[in-house]
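In: sequence-free structure coming up:
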């Protein structure tokens, strides 16, 4: 080989190595990202995922487009098994809620659990409050619990699925206080509120942002915050432990999973992206607008969160008489 | 007088060129979405929402609402022409609409659908404008027992939907009720009749069943007749392409019935336009003098349900705008959208944003006129589809059905279900089982079960709650009357016969 050629090849090799090196170190998406959600268009997860996709692009935190894909069905089973089938796929993520933990616990058909997927981050904690009608005699959760003790089963609460947070809250309070009231499921949030305002039920668990307008109009009163600390928007509303009801907070969390078996650098990439994202002003503003809590968590703490939540949910559901299948 | 002042304010907003333009875009998109089976208003609105963030919020809601009510106009087109329901609210339109098309009266059927949509749609807006707050308050009195009574009232419509054999009608209804029970039980989170199948956890989609039974079943039956002859009588001349004066006269009551029933059902959260269309069809048949002709192609059988599903839009906006309570998937998305546009949806929305509310109301008047002007000239055009030879038409119906069903939730499983229900539709036709009661059972079944179990939870198991409340008692009584009316009629006709014989 001539010297000139040799120099040329060495130079080429060095150039290649230099340009390739960053790519060996860090993953960078090379095509549009697929973001899977378990609700149809307009559902809670869908709205959040679309907002995050837009903010990520606006803040230039990802170089590729993020496309929201709706895989609704089976509680969350269809989306979760879709994600599980994408084993090793580096351009797919999924947005979870607490349903991803509870649904597989009670549904035999939902074979994929959170343990099968790769946790990335938890982003949001959704606070909740307990609301009654304005003309209701109950001024605090304690009043309500006392009344429920006097007339077991007579008082009623409207809510969603029995595995949803609103029913789990009822179950832990009943266990702690010995009170007993009826939980009536309604498929849509609108009906839950309508039945409270119409006087067909006496109490409901509601998100603070949703309750705000009804309170302002004088239709509703909030009697307890279902949070660790009082909510900034409801500084006068005490938490359950403050009212002498010692129950754990049942979290409604939202965040991101990757499919099983994705390489470590991809996990690190997404952790990095969302770490930076969670610190942006735009995201902080979004949280404030929706009255969400910043629930940022990653790594081993996130794994522990899922383990604890699964354990807690399994216990509560079993106690409620639900058929826990795994 | 205040309303007139407000309405003038509304028109000054709605008639601004930019709002007129986006209103037209909305109703035009809505019509297209309505014509295409599968893709419904909720998905369309959700997908288009990001586009609206840069608009003025009032303009945005004017456009989005246009999609919502525009889709109801378009829904009847494929129902009438191809027996493929474009939206679940147009399933009942197939019953008489398609028969009319076969008799060469596709034009009048499409025309009356547009006219009835216009009349009832406008009625819905008037209702929204004048009586929103009091009627929203009244609707709150509807708790689970009242919903149960309403569903029972709906189920008695079976009597009017069955053909010759009542037994066959009841069997079909029961089968529909069973289909509605498939999926995850809301109260215990247990799966029912899913046979370990993940896809069945959410139940079977109503639109999949109806497209299978109506469209695929019909094509299969027609394919059998080897003749391959024209199944449609194609009208000649322009005169027969639009409804005649007689058609309009026949539909007088249907316009009113559809308007009122649709609006009121719309106001109730969780009932929805599908139930509204079935109820108004049943009511129309119940009071009609030519009851026995329903299902063979009577014009009012198209006018009533098409009116009801349009008036429902105005009704559904009542709880959303006056109380901040969404009653359906579409209004739930609208609620989210209002929030993203910077409004605070809730009981104070109208007070705090009169421009938004009155602008929207005025734009809906304008939009309904636009839709009428847009849809009527399309009628002769659409009616030409029936000139296609069967070897083009049948594959096209299969194609439209499959694509439509697939787009409901992007699931191939649904396409298999479509085939299954197509075969069922074929078998039912062969054995002379009516399809309409099955579909009715499926529509009402889920709500019926929910309401009954909710009521019994409220009363801790006492059935008395169902008749102990005045509203539900009244509706149950009315249902009883409806149920016995055919029997009474029979008795009367025996008596008439007996008297005639005596003479």
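Out: Thanks, I have the structure now. Computed from a prediction, not measured in an experiment: that's the story for all the values here. Residues are numbered from 1 along each chain as shown, chains lettered A, B, ... in the order given.
In: separation between the residue most central in space within chain A and chain B?
Out: Nearest to the mean C-alpha position of chain A, counting by C-alpha atoms, centre = their mean, stands residue A:254 at 2.3 Å. Residue A:254 is 15 Å from chain B, where distance means C-beta to the nearest C-beta, to the nearest Å. Placement of C-beta: from N, CA and C, glycine included.
In: Following element in sequence after the one helix or strand that residue maps to, please.
Out: Using DSSP states H and E, residue A:254 sits within strand A:253-258. Scanning forward in sequence from strand A:253-258 by DSSP H and E, the next helix or strand is helix A:264-278.
In: Disregarding flanking residues, what is the spatial nearest neighbour of the residue of the stretch 101-250 of chain A found nearest chain B?
Out: Nearest to chain B in the stretch 101-250 of chain A, going by C-beta to the nearest C-beta, is residue A:213, at a distance of 2.4 Å. In space, and not counting its chain neighbours, residue A:213 is closest to residue B:346: 2.4 Å by C-beta to C-beta, 6 or more residues apart in numbering or on different chains.
In: before we move on, what about residue A:194?
Out: residue B:269 (4.9 Å).
In: okay, now the one you found: neighbour count?
Out: Using other C-beta atoms under 10 Å in any protein chain shown, residue B:269 has 31 other residues around it.
In: One more: residue A:215?
Out: Residue A:215: 19 neighbours (other C-beta under 10 Å).
In: next one: the one 3 residues further on
Out: Around residue A:218 there are 11 other residues, counting by other C-beta under 10 Å.
In: With residue B:461 instead?
Out: 9.
In: mind checking the SS state of it?
Out: Look at residue B:461: counting by DSSP: H, G, I helix; E, B strand; the rest coil, its state is coil.
In: Distance check, it against residue B:118.
Out: 48 Å (C-beta to C-beta, to the nearest Å).
In: Also residue A:290?
Out: 39 Å.
In: Between these two, which is the more surrounded one?
Out: Legend: neighbour count by other C-beta under 10 Å for residue A:290 and residue B:118, higher for residue B:118 (22 against 17).
In: now the more buried one: how far from chain A?
Out: 28 Å.
In: Doesn't that residue lie inside a helix?
Out: Yes - counting by three-state DSSP, residue B:118 falls inside a helix.
In: my read: it touches residue B:371, true?
Out: Yes - using C-beta atoms under 8 Å, residue B:118 makes contact with residue B:371 at a distance of 6.8 Å.
In: returning to what we had before: which helix or strand contains the residue of the stretch 101-250 of chain A closest to chain B?
Out: helix A:208-216.
In: Tell me which other helices or strands whichever helix or strand comes after that helix touches.
Out: Counting by DSSP H and E, the next helix or strand C-terminal to helix A:208-216 is strand A:220-225. Strand A:220-225 makes packing contacts with strand A:129-133, helix A:141-150, helix A:208-216 when contacts are defined by 3 or more C-beta pairs under 8 Å, 6 or more residues apart in numbering or on different chains; DSSP states H and E.
In: Please tabulate the ones you listed in TSV, including the columns mean pLDDT and distance to residue B:456.
Out: Below are the helices and strands packed on strand A:220-225 laid out as TSV (pLDDT from 0 to 100; distance: least, C-beta to C-beta, whole Å):
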stretch	mean pLDDT	distance to residue B:456
strand A:129-133	95	23
helix A:141-150	95	19
helix A:208-216	85	28
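In: which of these is buried the deepest?
Out: strand A:129-133 (a mean of 24; mean count of other C-beta atoms under 10 Å in any protein chain shown).
In: Would you list the strands that that strand pairs with, along with their directions?
Out: strand A:203-206 (antiparallel), strand A:220-225 (antiparallel) (DSSP bridges).
In: between those, which one is nearest to residue A:62?
Out: Nearest to residue A:62, of all these, is strand A:203-206, at 34.1 Å by C-beta to C-beta.
In: any idea of the mean pLDDT in that closest one?
Out: In this model, strand A:203-206 has an average pLDDT of 94.
In: tell me which residues in it are buried?
Out: Residues of strand A:203-206 classed as buried: A:203, A:204, A:205, A:206 (neighbour count, 16 or more other C-beta atoms under 10 Å in any protein chain shown).
In: go on, stretch B:158-173?
Out: Neighbour-count burial for stretch B:158-173 flags B:158, B:159, B:160, B:161, B:162, B:168, B:169, B:171, B:172, B:173 (criterion: 16+ other C-beta under 10 Å).
In: residues making contact with the helix or strand containing the second one?
Out: Right, residue B:159. Residue B:159 is part of helix B:158-161, with elements assigned from DSSP H and E. Helix B:158-161 is contacted from outside by B:95, B:166, B:169-170, B:173, B:282, B:285-286, B:291, B:294-295, B:434, B:436-437, B:440-441, B:482-483, B:485-486, using C-beta atoms under 8 Å, 6 or more residues apart in numbering or on different chains.
In: would you list every one of the strands in the chain?
Out: Since no chain was named, I'll use chain A. Applying DSSP state E to chain A gives strands spanning A:33-37, A:66-70, A:92-97, A:118-125, A:129-133, A:156-159, A:182-185, A:203-206, A:220-225, A:253-258, A:293-298.
In: should've been chain B
Out: B:183-184, B:191-192.
In: Mean neighbour count, those: which tops it?
Out: Mean neighbour counts for those (mean count of other C-beta under 10 Å) peak at strand B:183-184, with a mean of 22.
In: Sheet partners, orientation included, of that one?
Out: With DSSP bridges as the test, strand B:183-184 is paired with strand B:191-192 (antiparallel).
In: how close does residue A:9 sit to residue A:322?
Out: To residue A:322, residue A:9 is 68 Å away according to C-beta to C-beta.
In: does residue B:276 really touch residue B:307, like I thought?
Out: No - under the criterion of C-beta under 8 Å, residue B:276 is not in contact with residue B:307, lying 9.5 Å apart.
In: Between these two, which is the more surrounded one?
Out: Using other C-beta under 10 Å, the more surrounded residue of residue B:276 and residue B:307 is residue B:307, with 38 against 30.
In: tell me the contacts of the more buried one?
Out: Per C-beta under 8 Å, 6+ apart, neighbours of residue B:307: B:116, B:117, B:119, B:120, B:254, B:255, B:257, B:258, B:259, B:262, B:280.
In: how near is it to chain A?
Out: Distance from residue B:307 to chain A, by C-beta to the nearest C-beta: 24 Å.
In: pLDDT score assigned to the residue lying closest to that residue once chain neighbours are set aside?
Out: Excluding its sequence neighbours, the residue lying closest to residue B:307 (C-beta to C-beta, 6+ apart) is residue B:258, at 2.3 Å. We have a pLDDT of 93 for residue B:258.
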